[in-house]
Structures are given as C-alpha cells and as structure tokens.
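Chemist: Quick one, what's the 3D model for this:
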Amino acid sequence: MSMPSQPSLPDDAAMLRSLSRNSVEAGRTYARRGAVRKLSHSADGHLITAEVKGTAMRPYGVRIILQQQDDGSTAFRGVCSCPVGIDCKHVAATLFAAHQARRDAPVPAPPAPPSPAPAGPTMPPDIADWLRQLAALGEADPEAYPAEIRQRVVYVVAPLARPDGPAALKVTAFMVTLRKDGSHGPGKGVQAQAGTARYLRPSDRVILRRVDLLRYAPEGILRDEDPPDLLRRIIATGRGRWAALDGPPLQEGPLRPGKLAWRLEPDGRQHPVLELEEGLLGLALPAPWCADPASGMLGPVDLGVPAHVAGRLLLAPPIPAEAAPLVAAALGQRLPVAGLAKPAVLDPPETLSGPPVPLLRLTALRLPAYATRRFGQAPIREELAMPIARLGFRYGPVLASYDTQAGFAAPRLGSDVVARGGQLYRVERDTAAERAAVTRLQGIGFIAARRALPFGLPVEADAFLLDEETEEDPDWLFVLQEELPALRADGWEVEVAADFPIRLVEPDGPLEARLEEGSGIDWLDLHLGVTVGGERVDLVPVLLELIAAGEDPGELGEGPVLLPLPDGRLLSLPREQILPILRSLVELFEGGALDPEAGRLGFTRMDAAELAGIEAGSGITWQGGEALRALGAQLRAAEGSIPPVALPEGFTGALRPYQAQGVAWLQFLRSAGLGGVLADDMGLGKTVQTLAHLAIEHAAGRLDRPALIVC
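Modeler: Residues are numbered from 1 along each chain as shown. Next up is the predicted model:
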C-alpha cells in the first residue's frame, strides 16, 4: 500500500496570489537572514509550524496549513501571532525557509536497479512541482463565473477623512445578485467567513481576509500591510466601485505629478497635503496616491522623492508653531532634496486684546425626534429645527467662541495661539467686556442652550435659547424687530444663517400696485408687488389668505405688519402701506364683492368706483388700467350727483325736469364708457329722452351711423 504524497510547497507565484508583494519580498529577506526558527512539518506534510524573529522582543508563532488542489496546485492559509494575524510576511518567511529545508534535506538512495541506467540530468524538485501544477491547470480560468452563478462580490472603496493630511480609504464588500439586464440589486454585506460560497472566486477569498481586518480600523486601508497591493487586487477583479455600489468602476490610472505642501490650520499647526490637478483627491496609502471621483481612476502620485519617503512625509503628525523651525531644519538635513516643501517658519505671534466686537449668529439647532424642550413633556414626534443664537467675539481677525460652561470666550481648538492669513496671534481675552455682552443677552431673555435642553443632546457650547417660560415671555419676532437693531446700533455684529427657522425680511423698495389684463372681457387683475431679495413677490394671495382666515386689520398690533410669504419667510411692511389696502379688501369681502378662495383680485368697469376707493386710500403708486382708474375717479368725483347737460339748438322738444335728469344720466354713462338701462314707468317719456341723447351725440359728431328707436 503506497503512502499518500505530501503536498508541494507553494512557489512565488502561488504566494503572490494570497500575499502582497511587499510581504513576499520581506519574507524572502527574513528567511535569508535566518529569522525562521524551530521549523517543523507534520508527518503528512500538511502542517508547517515555525517561530519567526521580527521586530518584537519575542518571536512570532506561525502555523501554515497546506491543501493540495485538484489542479495540482497547493493552497495555503497562514496564521501568525503578529498584529497582522494572517498571511503576513512571517508566513512568507516560513514558506521560503520550508523550501530551503526541502532542498537541503538528504535524499535517500534508491534501490539498486536491475541493470545500470545511463547517467543523465535530474529534475530539481521545485521545478518538477511547477511543471506538474502547470500541466494540471487546463484551460479553465478559476476567476471565471459559471453561467448559473448570478451572485457577485462588489468592493466599494470610499474616501475616509483624516483629521490631518490626505484622506485614507475604506473598503466594504457587498454580495449582489445580477438581474437579466446585467444590473444588480441592493447589496448585502459579505465577510471572509463566507469562504465556502460558490460565488467567491480565489481572488475574493484573499481580498476578503484582508478587508476583514480593516472593518473596525479607524485609519481604514492604512491598517493593511500593503494598501496599494490590496487596491490593485480589487481593481483586477473588475468589481470595484468608487464611493457606492452604483459608483464609477475602479481602474488604475497613470502616474500623476503632484507637490507636497504644508497647510496652516486655524490653531497654528501645520500638516502635509498633496497639491494635485483640480478635481483630484489626495490619498495616503501610505505612499502618495490620488483618486478621480468622477471616473473612479486611482493611481500613484510622483512628488519627486522616493515613494516610501513621500509616504512617511504624508503621515507626519501636526506640527505646532513652536516646532516648525526645528522640523524644517531637520528635514533640510535628512532630505536634501531640491524644492521639497517644509513647514513654514512664521513670525512670533502678535498679541490681540480688547475690547472685542460681539458677534451674534442666528442659526438652527436640529433636535432629533426623541428630544424634548423640557423634562417631563411629551417627546417631539419629528425632527425639530429650533432657533438659537451663537455668541462669539472678534479680536481683530480672530473669532473666539464663547463657552457657556467655562464662562469665557476661547479661541477654537482650545489654544491661545491661532493663525489667520498666515499670521500667528495670541488673544488676551477681555473677560469684563465679554461678561457685559452675556449679561445683555440674558437681559433680553437668552439662556445657555446646554442648561435648558436635556443632557446628551448635541448642543454647541456657545449656543443660547430664548427662555420662553419667564414672566417677560420673550418672543423671537420682538427680538428680530426691536432687539437686534438695538444691538447693531451699539456695535454688535449680527448674522442670520440661511437655516434660521424665523426668516424675517424687508422689501428692497416700496410697494406698488399694477393692473394687468385678466382672462375675462374687460377684466383686469390687481397685483400688489414688492421686491424681496431681488425677486418680485405678489402680495395679493397673501392678503386673501389673511382675509379668508378672518384676520382683523385692527388686531395686527403695533409696529410693522408681518406677512407670511409662501416660502416661510416673514415680510415686514410699514403699517401705513398695507393696512389701508387690507381694510378696503375686508370691506369688499364683507359686502360680498370679494371671494378670497379665488386667489386673485379681478375688477371690471362695474367695480371702477370700488377700485378708485382702494387706490385713493392706499397711498402707493399705481400702474396700468388707466381707463378703468380714470372712470373710477370720475365716478367718485360725481359722488351721486350727475351734472346737467345742454341740448343742441336743433332739438325742438321740451323736457320735464326728471327727463332732463335722465338725459344727463345717459350722457354720464356714455362719457364713462358704460352701458345702462333707462327704466322709467310707461308713458313718462323714455323715447324723448333717448331722442335728446341721440341729438346731443349727433351735434357732437359722435353719432357716425343711423339710429333706430323701436317703441
């Protein structure tokens, strides 16, 4: 009975399928210098154990399991006690040492052949293993997918912001199912434990083992032993995506030029950054790379120094201002490379002192659904945007944020030295002036947000709320209309952010009325326009909504009138401009001549008098509809009394007084461009009045065609 053959040892190519190139080369070096000790094989050759002396005080323990594949190749999985844990350089070193041990082992003499054989060259064992594996490969590509397998592993590579320096990368693996059209559905997370799944290719098993080690690493792919190698493996699968499952496919781009620069942060520290072409994102892997988010192209960057030196430069810790001269000198000595950027050596900090300029910034605090305004109240059902004020103080170019807990203003990041515009400053706080500003805010009704809201909510230390439960009952509208102008008058800066929930605006110019042609015959629509922020706003729908809601103009309070605009802003208008118009519209509504639900104000000639009344009381400029407005003015001027008219000499009849009034009435309607009805009783002379009207029209030359009276 023959003993089963021992599995062959993986060659360099087999190692590179599971290990990074850096790991293989480092393992080769470890093996050459004799770092592998206590190497042993199991009786069946499937288990190799060893100790490898690395950088730690104690050697690392290595266990490698070998598995002969159907194609004749040998798969392996190595476990190490080093921080990497699996398939590391110590595993590679053990495999190289095992190869050397197999070559050095004495070969037992074979039994004497029955007849002497001619001498000839012998095949080295490792070459024989390689030829056997090559013959067993066949034509099948182990990375190809059978038609019945519709699942794929997709690797999403996304930027991971770092507090200092270029971004790192985060890799997440998803299993997706292909649709008939070649697209895929939503992804499901996949880990290395799925190693027996049929949809995994050999490349996936290698990549997933390495990605699993990065799942909880805050530094992302920087934690990998060879980040560029891992990226290239992901790109080679053709299943890498940038930033999202539906993002651009990953591909490796060409070597791009770049520059190393040092960015000065607001706290005075400096850290290295990559200066690249516009649109590219700098990466530290740790060697300098970059990403084109639009195309999904990733590639290395040439900084004019060796890649390993550039990588170490990019991982520099933040350099404080006082250490910048020392670091610049040290880099000049150790890296004498022409044009290599060094931290800027800045002038000593300039001292800034008070009195400061208070800055009040109005913005929104977005509270989550579980938050409450006070303990014991029912929780808010949805996210709430709460208006807040944030207090800071300007000391020259430096803005210092007030800390409601510490009780004083401190420059950001907690340092007394800050940088602005390439200059260092040291702030000497004027605590008396700051306390006086805080006292004034408290007098208005503001309280520290951290003291008013439940513990644990994300509230900035410089945030204030209006205390709505005091006897004074402060109101934001009053603060916006009365208190903020007073603060500005006393030298405060006040800024209103775009997300501030209460958006109070004022018109850019005066209110104007315009009559424009409507949809009906002789119908004119009234538009009350005002310009707000460069945009024309029609106030008619706003006023009609107020009327429909039963708003009484006499109860709008004192001061400017606030009109709610459709986009949520509050328009502040002088009372003398808007109240007369609103009162006139209310009178029309109460008289049944106005339908607020229509959403528009339309007038005909029959409404000329009412329109003239609105115009006369508005005190604003009117445009358009000149004929209708003139008629209204004429009707209002008549005030119910119609002037008499003179009959032409050719008219021989005699009119009674009431008949003369009838003729005057017809002439008034004609001059106003209106039709009318002469409704005297039978036998009172309607015909003679009509004849007199026609005689006047004929004498004036206005009767340009025959006239027929049927009676």
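Chemist: can you give me the strands for the stretch 201-350 of the chain?
Modeler: Using DSSP state E, counting those that start in this stretch, the strands found in the stretch 201-350 of the chain span residues 240-242, 251-252, 256-257, 259-264, 270-275, 281-284, 288-292, 297-302, 350-352.
Chemist: same thing with the stretch 451-600 of the chain?
Modeler: So, for the stretch 451-600 of the chain - with DSSP E, counting those that start in this stretch - the strands run 463-466, 493-496, 504-505, 512-517, 524-532, 535-538, 561-564, 570-573.
Chemist: Highest mean neighbour count out of those strands?
Modeler: Using mean count of other Cβ atoms under 10 Å, the stretch among the strands of the stretch 451-600 of the chain with the greatest mean number of neighbours is strand 463-466 (a mean of 23). To be clear about C-beta, it is placed using only N, CA and C from the backbone, and glycine gets the same treatment.
Chemist: Report all helices and strands that it contacts.
Modeler: strand 384-395, strand 446-448, helix 449-452 (3 or more Cβ pairs under 8 Å, 6 or more residues apart in numbering; DSSP states H and E).
Chemist: go with 6 Å
Modeler: Strand 463-466 sits against strand 384-395, helix 449-452, with contacts defined as 3 or more Cβ pairs under 6 Å, 6 or more residues apart in numbering; DSSP states H and E.
Chemist: Just give the closest residue to Leu441, not the sequence neighbours.
Modeler: Phe464 (6.1 Å; Cβ to Cβ, 6 or more residues apart in numbering).
Chemist: The one you found is in contact with Ala389, isn't it?
Modeler: Yes: with contacts counted by Cβ atoms under 6 Å, Phe464 reaches Ala389, the gap being 4.7 Å.
Chemist: And stretch 150-158, what's buried?
Modeler: Gln151, Arg152, Val153, Val154, Tyr155, Val156, Val157, Ala158 (16 or more other Cβ atoms under 10 Å).
Chemist: ok, the fourth one - contacts?
Modeler: Right, the one you point to is Val154. Neighbouring residues of Val154 by Cβ atoms under 6 Å, 6 or more residues apart in numbering: Phe174, Val176, Arg239, Arg241, Leu245.
Chemist: who's it bridged to?
Modeler: Phe174 (DSSP bridges).
Chemist: can you pull the pLDDT of it?
Modeler: Note on Val154: pLDDT of 94.
Chemist: Could you check how far it is from Leu281?
Modeler: 21 Å (Cβ to Cβ, to the nearest Å).
Chemist: Measure how buried Gly165 is and give me the count.
Modeler: 21 (other Cβ atoms under 10 Å).
Chemist: er, Gln333 I mean
Modeler: 7.
Chemist: what pLDDT does it get?
Modeler: Looking at Gln333, its pLDDT is 85.
Chemist: same check, this time on Pro355
Modeler: For Pro355, the model assigns a pLDDT of 91.
Chemist: in what helix or strand does Gln442 lie?
Modeler: helix 431-444 (DSSP states H and E).
Chemist: For that helix, buried residues please.
Modeler: By 16+ other Cβ under 10 Å, the buried positions in helix 431-444 come out as Ala433, Glu434, Ala437, Val438, Arg440, Leu441, Ile444.
Chemist: Can you tell me, leaving aside adjacent residues, what's nearest to the first one?
Modeler: Across the structure, with Cβ to Cβ, 6+ apart as the measure, the residue nearest Ala433 apart from its sequence neighbours is Pro355 (4.6 Å).
Chemist: Would you mind confirming that the one you found is in contact with Glu434?
Modeler: No: when contacts are counted by Cβ under 6 Å, Pro355 is not listed as touching Glu434 (9.3 Å).
Chemist: Grab the most central residue of this protein for me.
Modeler: For the chain, Asp499 is the residue whose C-alpha lies nearest the centre (Cα atoms, centre = their mean; 13.2 Å).
Chemist: Spit out the contact partners of the nearest residue to Leu16 once chain neighbours are set aside.
Modeler: Spatial nearest neighbour of Leu16, chain neighbours left out: Val24 (5.9 Å); criterion: Cβ to Cβ, 6+ apart. Residues near Val24 by Cβ under 6 Å, 6+ apart: Met15, Leu16, Ala92.
Chemist: so how many other residues sit close to the first one?
Modeler: A count of nearby residues for Met15, using other Cβ under 10 Å, gives 23.
Chemist: And for Ala324?
Modeler: Ala324 has 20 neighbours, counted by other Cβ under 10 Å.
Chemist: Return the distance of it relative to Gln270.
Modeler: Ala324 sits 6 Å away from Gln270, going by Cβ to Cβ.
Chemist: got it, and Arg32?
Modeler: 41 Å.
Chemist: Compare those two (neighbour count), which wins?
Modeler: Each of Arg32 and Gln270 has its neighbours counted (other Cβ under 10 Å); Gln270 has more, 25 against 13.
Chemist: Quick check: that one touching Lys342?
Modeler: No: assessed by Cβ under 6 Å, Gln270 is found out of contact with Lys342, at 9.6 Å.
Chemist: quick one on the thing from earlier: which one of the buried residues of helix 431-444 is nearest to Arg37?
Modeler: Arg37 has its nearest neighbour among those in Glu434, at 67.1 Å by Cβ to Cβ.
Chemist: just the strands in the stretch 51-200 of the chain please.
Modeler: Applying DSSP E, counting those that start in this stretch to the stretch 51-200 of the chain gives strands spanning 60-68, 74-80, 151-160, 168-177, 188-189.
Chemist: For the residue lying closest to Arg28 once chain neighbours are set aside, which residues are in contact?
Modeler: Nearest residue to Arg28, sequence neighbours excluded (Cβ to Cβ, 6+ apart): Phe96, at 5.5 Å. For Phe96, the contact set (Cβ under 6 Å, 6+ apart) comprises Gly27, Arg28, Ala31.
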